[in-house]
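Student: what's the 3D shape of this:
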Amino acid sequence: MSICMSISMFTPRLRTSRVLTAAALGLCLLAGPAQAGLFDDDEARKAILDLRQKLEQSNEAQRTRQAELNAQLLEQIAQIKRSLLDLNSQLEVLRADSAKLRGQNETLSRDVAELQRKQKDVLQGVEDRVRKLEPQKVTVDGKEFLADGEEKRIYEDAMGPMRKGEFAAAASALSAFQRRYPGSGYNDSVLFWLGNAQYGKREFKEAIASFRTMVGNAPDHPRAAEALLSVVNCQIELKDNKSAKRTVDELVKAYPASEAAQAAKERAALLK
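Tutor: The predicted structure follows:
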């Protein structure tokens, strides 16, 4: 059998491979009548088999290489996915930590604000207590003296009912002040207003005692003349005209230029 015929017999088996077909065609072209005796059938078959084996080896090597590349690619993709999952997990942890920190910061901010408020309240309380304990310069009825904050507050509280005409409450509060602060600079004024509160309650004898004590303690007090005039009024209310006349004379002699002295003279004229 000739080389061309041998190749033709094997050609249908090689149609799946371009390389084998090209080799077969090349052998046909080279094989002419003059070269027909160069190869026998066994050699042709052997050449074709060798060529097919090499082709299969090449294809197998390519498939193996491709499989290796695919495996490497899949491994790289898997690594990337794992990395992305790790990064996502880390991001979630960071987000959770950030949210926790924000919560802690908000809590700390509230705690700090509350502490600052409490500190301010404490400082204000301390300042208030210091002011209460610290003597302050006050002026009452033209008299200047030092009084602590609590003393001043109690005096003002006692005068509140007096200003409203609540004589019973005023008398009670002013008497309590006297007992608590017997040496207070307010006492002259306290005695004067206590006498007025007692007069308002129609406790005329008690009022006379308060006015007399006030004048005796502070004869130069701006309200001393007015206090003696109030004594005159109390004595008139008690129908003690004789004592009232003596008090008028006392008032005119001690404070001749005062308005109280003029008013006392007018009352004395009515007593005749």
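Student: residue contacts, Asp157?
Tutor: When contacts are counted by Cβ atoms under 8 Å, 6 or more residues apart in numbering, Asp157 touches Ala173. The way it works is simple: take the backbone N, C-alpha and C, and place the C-beta from them, glycine included.
Student: ok, so what distance separates it from Ala47?
Tutor: Separation of Asp157 from Ala47 (Cβ to Cβ, to the nearest Å) stands at 132 Å.
Student: where does pLDDT dip in the stretch 151-272 of the chain?
Tutor: By pLDDT under 70, the weakly predicted segments of the stretch 151-272 of the chain are 272.
Student: what does the stretch 1-150 of the chain give?
Tutor: Applying pLDDT under 70 to the stretch 1-150 of the chain flags the ranges 1-39, 128-133.
Student: would you list every one of the strands in it?
Tutor: Assigned by DSSP state E, counting those that start in this stretch, the stretch 1-150 of the chain shows strands spanning 136-140, 143-147.
Student: contact partners of the last one?
Tutor: This points to strand 143-147. Counting by Cβ under 8 Å, 6+ apart, Pro135, Gln136, Lys137, Val138, Tyr155, Ser184, Gly185, Tyr186, Asp188, Ser189, His221, Pro222 sit against strand 143-147.
Student: now, among the residues you listed, which is nearest to Pro256?
Tutor: Lowest distance from Pro256 to these (Cβ to Cβ) belongs to Pro222, with 15.7 Å.
Student: domains of the chain?
Tutor: 3-31+38-82, 136-271 (automatic domain parsing).
Student: let me have those in CSV, extended by distance to Gly103.
Tutor: Listed next are those as CSV, based on distance: least, Cβ to Cβ, whole Å:
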stretch, distance to Gly103
domain 3-31+38-82, 31
domain 136-271, 45
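Student: find the one among those with the highest mean neighbour count.
Tutor: Burial of these is given as mean neighbour count (mean count of other Cβ atoms under 10 Å); domain 136-271 ranks first at a mean of 17.
Student: between the contacts of strand 143-147, which is nearest Phe177?
Tutor: Looking across the contacts of strand 143-147 and measuring by Cβ to Cβ, the closest to Phe177 is Tyr155, at 6.1 Å.
Student: okay then, goodbye and thanks.
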